[in-house]
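**Q** Model the structure of this input:
(chains A and B)
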Amino acid sequence: ETGVTQTPRHLVMGMTNKKSLKCEQHLGHNAMYWYKQSAKKPLELMFVYSLEERVENNSVPSRFSPECPNSSHLFLHLHTLQPEDSALYLCASSQEIGQTSGNTIYFGEGSWLTVV
Amino acid sequence: AQSVTQLDSHVSVSEGTPVLLRCNYSSSYSPSLFWYVQHPNKGLQLLLKYTSAATLVKGINGFEAEFKKSETSFHLTKPSAHMSDAAEYFCVVSDLTGTASKLTFGTGTRLQVTL
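**A** Have a look, this model is predicted:
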C-alpha cells in the first residue's frame, strides 16, 4: 500500500465511450501526476498538477482530459480513444518543497485500460 | 535535456548470486537519481534514491547503488539474488517542471532469477 489509490484497476471501453480514471492520495502531498506505460516503451509523463494547477501537459491528445479538483484527487477523463491508447495508466504524487528536485514520487498500482 | 540509458533489457541470474543492473545518465547539472521496481501487475515502488549526499546509497530489500559522476553511472547491485527479486527495474533521473518534479525513465531491465 503506497498511499496512492487508483480506480478502476481494469477498464475495457469502446472507441465511442466516455469513461474516467480516478486517483486519490492519502499522503498529504501537493503534486499529482499521470503517467502512461505502454509495452516496450519508457514511461511517458502525461500531466502534472502542483497545488491544483496544471504545470505540465506533454503534448497529450485532447481525448485525454485531466481534472484536479483538490490536492488529494486526480481524474483522467477519456473520450473517443483509439486502440493504441490501450496501456497501463499510473497515477503518482509527491510533496514538493520549494524549487528542489529529488522529491520522491509515489505511484499507485495503475489502471489497465483496453480500448476495443 | 536529461536522459537515462539502461544497458540491459534483460538480466538472468541464479538465486544466491550477485545482481548488477546497469544505468548511465546524462544531465547538465547535479541530478537526483532513483531506482524503482515494478512487480507483475503492480505499480512502481521506490527502491532507493540519490540526492547529492553519500555516493553509495542503500535501499530496501538489500539493494544498493553507487553514484559515479566520472562515469555518469548509477548501477544497482545486490549481493545475493532472491526469487522474489524477479521484476522490472527502472533507473530514473529527476528534474523540475515548474514547481513539481519530473521524472525521466529508462526503458527498464527485466530481472529473471532462476533456481
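
**Q** So, low pLDDT: which residues of the chain?
**A** Assuming you mean chain A. Residue ranges of chain A with pLDDT under 70: A:1, A:98-101.

**Q** other chain: chain B
**A** Within chain B, the segments meeting pLDDT under 70 span B:96-99.

**Q** So which residues on it come close to chain A?
**A** Counting by CB under 8 Å from any CB of the partner chain, chain B comes close to chain A at B:31-32, B:34, B:36, B:41-46, B:49, B:51-52, B:90, B:94-108. Placement of C-beta: from N, CA and C, glycine included.

**Q** List only buried entries from those residues.
**A** The neighbour-count test (16 or more other CB atoms under 10 Å in any protein chain shown) marks B:31-32, B:34, B:36, B:43-46, B:49, B:51, B:90, B:94-106, B:108 as buried among the residues of chain B next to chain A.

**Q** Which of these fall in strands?
**A** B:32, B:34, B:36, B:44-46, B:49, B:90, B:94-97, B:100-105 (DSSP state E).

**Q** counting contacts, what elements does whichever strand or helix holds A:Glu67 pack onto?
**A** Using DSSP states H and E, A:Glu67 sits within strand A:64-70. Secondary-structure packing of strand A:64-70 (3 or more CB pairs under 8 Å, 6 or more residues apart in numbering or on different chains; DSSP states H and E): strand A:44-50, strand A:73-79.

**Q** Give me the buried positions along it.
**A** A:Phe64, A:Pro66, A:Cys68.

**Q** For the closest residue to the last one other than its chain neighbours, which residues are in contact?
**A** Nearest in space to A:Cys68, with sequence neighbours left out and distances taken as CB to CB, 6 or more residues apart in numbering or on different chains, is A:Tyr49 at 4.2 Å. Residues in contact with A:Tyr49 (CB atoms under 8 Å, 6 or more residues apart in numbering or on different chains) are A:Ala31, A:Met32, A:Tyr33, A:Val55, A:Pro66, A:Cys68, A:Leu74, B:Ala100.
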